[in-house]
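In: Need a 3D model of the sequence below.
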Amino acid sequence: MSLQATAPAVLPASRVPDSMDAPPLRWGIMGPGWIAGRFTESVQAHTRQMIAAVGSRSRERSQAFADTFGIAAAYGSYGELAAADIDIVYVATPHTSHHSAALAALAAGKHVLIEKPIGINAAQARDIRDKAAAAGLFAAEALWTFFLPKFDAVRQLLDAGALGTLTTVIAEYGEHFEPGHRIFDPMLAGGPLLDLGTYPLALVTAVLGAPDQLRALGIGHPSGVNGQISAAMSFPGGAHAVVNTQLNNFTPTQASLVGTAATLTLDGPFNMPGGFTLSQPDGTSLRYEEPAGAHFEGLHFEAAAVARAIHAGRTSVAERPLEASILTMDVADAIRGQLGITFPGE
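Out: Numbering: from 1, shown residues only. Got it, this is the predicted structure:
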């Protein structure tokens, strides 16, 4: 981006279409947990997509989910769901099953949208990419943040060089979790890195690419998982990034993109619907307003984008291409390598 970037007079408007306009697909939910419930609520309220089936390892859990959301078919195994009369599977199982669940759906000829993280490591992400490509099927990571209208406006600013040369990206995400939450379970790839840390790492890699240097710090949690991770990175050209993620308590969950011409500050929580500010060195600023919200207001955008892509014959989405998901996992793997963190099955 040019050092002589010109400050915009106004911020770009989002180009994200109305989710109701997306052509409908028949969706199957694989893993009827909390995020699957939020996805279903959002999709049913804001789109014409049809949630046609749900499956889990427990027929009773699937039926309870189906009864709650008015879904016609409930199955007691992932294999039964994959074989059902559906177009696409939304994989919302625990992290450790994302890879195997996605492969089962692909093997049955179904497109897949896989809840973040796409796998527990980059090797699994590459395998999903390769299997989908070989079958000619759609596959993407459901990192809903990048499908929100505000991120389309952010992309336009970056593409136009409105920030000048990016020099620094700072992003963090911390939350409080009650005892017994799966994030404290080492056998489910617990700890903050894959749950919360995916968001700041994905933002950093989306705007700066692959780091050429990385230094990570971590500290354990009494449950046996990692409790907090911080990482500093440098990138070709001299940019730096700093990320922090932890499971001890809530943080502002803010993010800043600092350039030679302007600084873009995303309201916290930056990963959810909300606004941002573009600030210039002369003290002037421009404000992008988007109603703050959470999963109900935002998850439908990813479903609509996926439906549009599949109906157009595409096997990926520009908002979160598989190569971007793989890069984020590469960086997460590098962080874990420095901290000695391994996950089940590795």
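In: Next, the contact list for the residue nearest to residue 289 when sequence neighbours are not counted, please.
Out: In space, not counting the residues next to it along the chain, residue 289 is nearest to residue 275; the distance is 4.9 Å by CB to CB, 6 or more residues apart in numbering. Just so you know, the C-beta spots here come from the backbone N, C-alpha and C atoms, and that holds for glycine as well. Shown in contact with residue 275 (CB atoms under 8 Å, 6 or more residues apart in numbering): 150, 267, 287, 288, 289, 290, 292.
In: Just give the nearest non-adjacent residue to the last one, would you?
Out: Spatially, and ignoring its direct neighbours in sequence, residue 292 is nearest to residue 274 (4.5 Å; CB to CB, 6+ apart).
In: if we can go back for a sec, so of the contacts of residue 275, which ones are in strands?
Out: 287, 288 (DSSP state E).
In: nearest to residue 341, of the contacts of residue 275?
Out: residue 267 (30.7 Å; CB to CB).
In: Would you mind measuring from the closest one to residue 279?
Out: In this view, residue 267 and residue 279 are 13 Å apart by CB to CB, to the nearest Å.
In: And the two? Which one has more around it.
Out: residue 267 (20 against 17; other CB atoms under 10 Å).
In: ranges for the helices of the stretch 201-346 of the chain?
Out: Here the stretch 201-346 of the chain has its helices, by DSSP state H, counting those that start in this stretch, at 295-311, 322-339.
In: I meant to write the stretch 1-150 of the chain there.
Out: 34-46, 59-69, 78-82, 95-107, 122-135, 149-159.
In: between those helices, which gets nearest to residue 213?
Out: helix 122-135 (18.3 Å).
In: between that closest one and helix 95-107, how many degrees?
Out: Between helix 122-135 and helix 95-107, the angle comes out at 10 degrees (axes from the mean of the first three to the mean of the last three CA atoms, to 10 degrees).
In: Check which helices and strands helix 122-135 sits against.
Out: Under the contact definition 3 or more CB pairs under 8 Å, 6 or more residues apart in numbering; DSSP states H and E, helix 122-135 sits against helix 95-107, strand 111-115, strand 139-142, helix 322-339.
In: okay if I get those as CSV plus distance to residue 182 and mean neighbour count?
Out: Output for these, formatted as CSV (distance: least, CB to CB, whole Å; neighbours: other CB atoms under 10 Å):
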stretch, distance to residue 182, mean neighbour count
helix 95-107, 9, 22
strand 111-115, 13, 26
strand 139-142, 17, 27
helix 322-339, 18, 21
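In: Which one of these lies nearest to residue 262?
Out: Counting by CB to CB, residue 262 lies closest to helix 322-339 out of these; the figure is 23.8 Å.
In: Return the distance of the closest one from the chain's centre.
Out: 14 Å (CA atoms, centre = their mean, to the nearest Å).
In: Now do that helix against strand 111-115, angle only.
Out: Going by the same axes, to 10 degrees, helix 322-339 is angled at 40 degrees with respect to strand 111-115.
In: Show me what helix 322-339 is in contact with.
Out: Taking CB under 8 Å, 6+ apart as the rule, helix 322-339 contacts 117-119, 121-122, 124-126, 128-129, 132, 139-141, 143, 193-194, 197-198, 201-202, 204-206, 209-211, 214-218, 226, 229, 231, 233, 316, 341-343.
In: quick one: pLDDT of residue 6?
Out: Residue 6 is assigned 68 on the pLDDT scale.
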